[in-house]
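# predicted coordinates and the sequence they were generated for:
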Amino acid sequence: MRNAAQQAADKNDSHKNDNSALSGADDSQKIYNYFLHNGFKPTAAAGIVGNFQQESSCQPNTHQEGGGPGYGLAQWEASNNIDGGGRLNNLEAFAAKNRMPISSLKTQLEFTLHEMKTSFPSLQSEMNNAPSAAQAATIFCDQYEGAGIPDMTTRQANAQAALNSQGVNAVG
């Protein structure tokens, strides 16, 4: 339970707790625009959307189907270790440190970017160099998601659809 001072600080920092800084008609467009505005090329941003579409339908409060351990855009999982260390544990710590709700789209996008920059430092460059949204989706899945059953064809199709919905019709 948070004390009154912590709750007051949350209210003062309420700009951190909303998605108002994200632009787009729906969550997939907001995700695309977020990464575009953070230095990702259109094909790379679409590759991320394609993966998040497969993992969570681009919904940040999604729990894994069938009661599995995954949560959020990327279906992060907690560690079974007593000291934590799982990616969901890291998301929870990131959200708490920044006084942001874990279920917020903005929180999860900022965490994804943070994690990419700190744990996967070459990923953005590799994705930006991919010649197509489909290849960017594959790179993101292989390096960031580590999906057990990737269904790569669907991820790639989702990425191309995300790119096309932005008015970019590059095929690859």
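Arrived safely, thanks for sending.

# give me the residues contacting the helix or strand Phe111 falls within.
Per DSSP states H and E, Phe111 falls inside helix 105-119. Helix 105-119 is contacted from outside by 16, 18-19, 21-22, 27, 30-31, 34-35, 38, 48, 60, 72-74, 87, 90-91, 94-95, 98, 100-102, 123-124, 144, using C-beta atoms under 8 Å, 6 or more residues apart in numbering. Backbone N, C-alpha and C define where each C-beta goes, glycine included.

# can I get the CA coordinates of it in PDB?
C-alpha atoms of helix 105-119 as PDB (Å, rounded to 0.1, in the frame of the first residue of the first chain):
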ATOM      1  CA  LEU A 105       0.900   1.400 -23.200                       C
ATOM      2  CA  LYS A 106       3.400   4.200 -22.700                       C
ATOM      3  CA  THR A 107       5.100   2.300 -19.800                       C
ATOM      4  CA  GLN A 108       5.500  -0.800 -21.900                       C
ATOM      5  CA  LEU A 109       6.800   1.100 -24.900                       C
ATOM      6  CA  GLU A 110       9.300   3.000 -22.800                       C
ATOM      7  CA  PHE A 111      10.400  -0.300 -21.100                       C
ATOM      8  CA  THR A 112      10.800  -2.000 -24.500                       C
ATOM      9  CA  LEU A 113      13.000   0.900 -25.800                       C
ATOM     10  CA  HIS A 114      15.000   0.800 -22.500                       C
ATOM     11  CA  GLU A 115      15.500  -2.900 -22.700                       C
ATOM     12  CA  MET A 116      16.500  -2.700 -26.400                       C
ATOM     13  CA  LYS A 117      19.100   0.000 -25.700                       C
ATOM     14  CA  THR A 118      20.500  -1.800 -22.600                       C
ATOM     15  CA  SER A 119      20.200  -5.500 -23.300                       C
END
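
# numbering from 49 from now on, please.
Right, with 49 as the first residue, what we last looked at is helix 153-167.

# which is the succeeding secondary structure element to that helix?
In the C-terminal direction, the helix or strand that comes right after helix 153-167 (DSSP H and E) is helix 171-176.

# for that next one, packing partners?
helix 90-104, helix 153-167, helix 181-188 (3 or more C-beta pairs under 8 Å, 6 or more residues apart in numbering; DSSP states H and E).

# among these, which comes closest to Gly215?
For Gly215, the closest of the helices and strands packed on helix 171-176 is helix 90-104, at 9.4 Å, according to C-beta to C-beta.

# name the helices or strands packed onto that closest one?
Contact analysis of helix 90-104 by 3+ C-beta pairs under 8 Å, 6+ apart lists helix 75-84, helix 171-176, helix 181-188, helix 200-213 as its packing neighbours.
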